[in-house]
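In: just to be clear, the model below is a prediction. Sequence and coordinates:
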Amino acid sequence: MKQTYIGGQAVMEGVMMRGKKVYTVAVRKPDGEIVIDKQPVHTLADRYPILRWPILRGVLAFIESMIIGVKTLTYSAEFFETEEEVKPSKVDTWLEKKLGDKLNDFLIGFTVVVAILLSIGLFMVAPLLITRLIHNWIPTGRLRSAVEGIIRILLFLSYILLISRMKDIQRVFQYHGAEHKTINCYEKGLPLTVENAKKQTRLHKRCGTSFLLIVMLVSIFVFMLIDIDNMWLRFLSRIAFVPLIAGLSYEIIRFAGRSDSFLVRFISYPGMGLQRLTTAEPDEEQLAVAICAMKGVLEEEGDYQDEGNNP
């Protein structure tokens, strides 16, 4: 079994694969053509080596993954915009005048910040407030933290179940499955062909879905250790400890991706089960897109061999 650092995500009618040097987005346009875009990977860890330390590298990886994720989603969406001409609003015009070429970077950064704040609000603050409503029936602070964690997981599962009913999201989940099958095919050392990828499982230990679930589980243990009665201090702790929880969760996922021990399989089992909701069986065309994205990365990383059967 090959150990690989390559990961990815599904985008609109496509897949992004990320290596150490580049990330590649492959999108199937409405006319059936597959377009590929390669971009270099820039990381702050190259400038500040301390960010490669355990925990810190997880926080950085999470933020940089969100930035690349927003960029690639925006790129893929451009192929499916309507032809209708939309008149720019006054805000759009003002921002373009003030920021110029930096407007796109500003919008991506703004989107990432809003997404993080909404996630913290929904999955950190909301469970705290719900637990507050029933705290009189919960005898200890640590038990309140456990109940809060269970509510957090239930909200997360409800969110996934809700979005999984959307038709467009079902397509994204199929591409998510195609991404996993392609990575699994590569890790087994098989030629990257549609037939080989089709036979692989659509689940993967290093999946972002597993990461998010581990974040939920780690948060339970972290907050149980912090027995704070004051409501405002509990509120601030939920925000302040997000980086630590994300960093710890990253280390767990990183370890799981490098081992196949019984302990790792046990830890990975809940996340792998949850992936049955966030992935779906892809068709051959979707697998072909994922393979194109993977080959695009491997060509730049120096680990690509043409099997003579390009999808």
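Out: Noted; the coordinates are in hand. Numbers count the residues shown, from 1 in each chain.

In: where does the stretch 101-250 of the chain dip in pLDDT?
Out: For the stretch 101-250 of the chain, the stretches with pLDDT under 70 are 101-103.

In: and stretch 69-76, what's buried?
Out: Neighbour counts over stretch 69-76 (16 or more other Cβ atoms under 10 Å) mark 69, 70, 71, 72, 73, 75, 76 as buried. C-beta coordinates here come from the backbone N, C-alpha and C atoms, glycine included.

In: save those as JSON lines, and put in pLDDT, distance to residue 167 and secondary structure too.
Out: Output for those, formatted as JSON lines (pLDDT from 0 to 100; distance: Cβ to Cβ, whole Å; DSSP: H, G, I helix; E, B strand; the rest coil):
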{"residue": "69", "pLDDT": "92", "distance to residue 167": "21", "secondary structure": "helix"}
{"residue": "70", "pLDDT": "92", "distance to residue 167": "22", "secondary structure": "helix"}
{"residue": "71", "pLDDT": "93", "distance to residue 167": "25", "secondary structure": "helix"}
{"residue": "72", "pLDDT": "94", "distance to residue 167": "21", "secondary structure": "helix"}
{"residue": "73", "pLDDT": "92", "distance to residue 167": "17", "secondary structure": "helix"}
{"residue": "75", "pLDDT": "93", "distance to residue 167": "22", "secondary structure": "helix"}
{"residue": "76", "pLDDT": "93", "distance to residue 167": "17", "secondary structure": "helix"}
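
In: can you redo those as JSON lines with distance to residue 289?
Out: Converted to JSON lines, those look like this (distance: Cβ to Cβ, whole Å):
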{"residue": "69", "distance to residue 289": "17"}
{"residue": "70", "distance to residue 289": "20"}
{"residue": "71", "distance to residue 289": "18"}
{"residue": "72", "distance to residue 289": "13"}
{"residue": "73", "distance to residue 289": "15"}
{"residue": "75", "distance to residue 289": "14"}
{"residue": "76", "distance to residue 289": "10"}
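
In: distance between stretch 193-212 and the chain's centre?
Out: Stretch 193-212 has its C-alpha centroid displaced from the chain centroid by 14 Å (Cα atoms, centre = their mean, to the nearest Å).

In: for that stretch, output the C-alpha coordinates as PDB.
Out: Output of stretch 193-212 as PDB, limited to C-alpha atoms (Å, rounded to 0.1, in the frame of the first residue of the first chain):
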ATOM      1  CA  THR A 193      -7.900   3.900 -15.100                       C
ATOM      2  CA  VAL A 194     -11.600   4.100 -14.800                       C
ATOM      3  CA  GLU A 195     -12.000   0.300 -14.500                       C
ATOM      4  CA  ASN A 196      -9.500   0.100 -11.700                       C
ATOM      5  CA  ALA A 197     -10.900   3.100  -9.800                       C
ATOM      6  CA  LYS A 198     -14.400   1.800 -10.100                       C
ATOM      7  CA  LYS A 199     -13.500  -1.300  -8.000                       C
ATOM      8  CA  GLN A 200     -12.200   0.700  -5.100                       C
ATOM      9  CA  THR A 201     -14.100   1.700  -2.000                       C
ATOM     10  CA  ARG A 202     -15.600   5.300  -1.900                       C
ATOM     11  CA  LEU A 203     -14.400   5.700   1.700                       C
ATOM     12  CA  HIS A 204     -11.100   7.000   2.900                       C
ATOM     13  CA  LYS A 205      -9.500   7.500   6.300                       C
ATOM     14  CA  ARG A 206      -8.100  10.900   5.600                       C
ATOM     15  CA  CYS A 207     -11.400  12.400   4.400                       C
ATOM     16  CA  GLY A 208     -12.500  15.800   5.600                       C
ATOM     17  CA  THR A 209     -15.800  14.300   6.800                       C
ATOM     18  CA  SER A 210     -13.800  12.100   9.200                       C
ATOM     19  CA  PHE A 211     -11.800  15.200  10.200                       C
ATOM     20  CA  LEU A 212     -15.000  17.100  11.100                       C
END
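
In: list the buried residues of that stretch.
Out: Residues 193-194, 196-197, 200, 202-212 are the ones in stretch 193-212 that count as buried (16+ other Cβ under 10 Å).

In: in helices only, show me those.
Out: 194, 196, 197, 208, 209, 210, 211, 212 (DSSP state H).

In: which one of the buried residues of stretch 193-212 is nearest residue 11?
Out: Within the buried residues of stretch 193-212, the smallest distance to residue 11 is 13.1 Å, found for residue 208 (Cβ to Cβ).
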